[in-house]
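In: Turn this into a model:
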Amino acid sequence: MNERQILLNGKPYALNEKLTIAMLLERLNIAHKIMAIAINTYVVKSHQWGDWELHDGDEVEILDFVGGG
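Out: Down below sits the predicted model:
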């Protein structure tokens, strides 16, 4: 098995299998939240998350939106 690693919000995260953004969000139990995802500073549109495969060395930023007033 070939282990790959990404940076997830600035912290190392090991990938032991091919993952898409959608699969990563499911694994993190946050797929239901409203958020923005950037891969290597490129904002990926939500309709692309199921097809966008993560690669070794990718820098993934998950930006969660919080309401308030």
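In: Could you pull out the buried residues of stretch 54-66?
Out: 54, 58, 60, 61, 62 (16 or more other Cβ atoms under 10 Å). The C-beta positions use only the backbone N, C-alpha and C, and glycine is treated the same way.
In: Just those residues: which are in strands?
Out: Using DSSP state E, 60, 61, 62 are the members of the buried residues of stretch 54-66 that sit in strands.
In: Looking at those, which is nearest residue 33?
Out: residue 62 (8.9 Å; Cβ to Cβ).
In: That closest one and residue 35 touch, don't they?
Out: Yes: contact status for residue 62 versus residue 35: in contact at 5.7 Å, counting by Cβ atoms under 8 Å.
In: quick one, strands of this structure?
Out: Counting by DSSP E, the strands of the chain are 4-8, 11-15, 35-39, 42-44, 59-64.
In: Switch those over to a markdown table; also include distance to residue 26 and mean pLDDT.
Out: Converted to a markdown table, the strands of the chain look like this (distance: least, Cβ to Cβ, whole Å; pLDDT from 0 to 100):
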| stretch | distance to residue 26 | mean pLDDT |
| --- | --- | --- |
| strand 4-8 | 14 | 95 |
| strand 11-15 | 14 | 96 |
| strand 35-39 | 13 | 97 |
| strand 42-44 | 16 | 98 |
| strand 59-64 | 13 | 95 |
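In: Could you dump those into TSV and include distance to residue 23?
Out: Listed next are those as TSV, based on distance: least, Cβ to Cβ, whole Å:
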stretch	distance to residue 23
strand 4-8	13
strand 11-15	10
strand 35-39	12
strand 42-44	14
strand 59-64	12
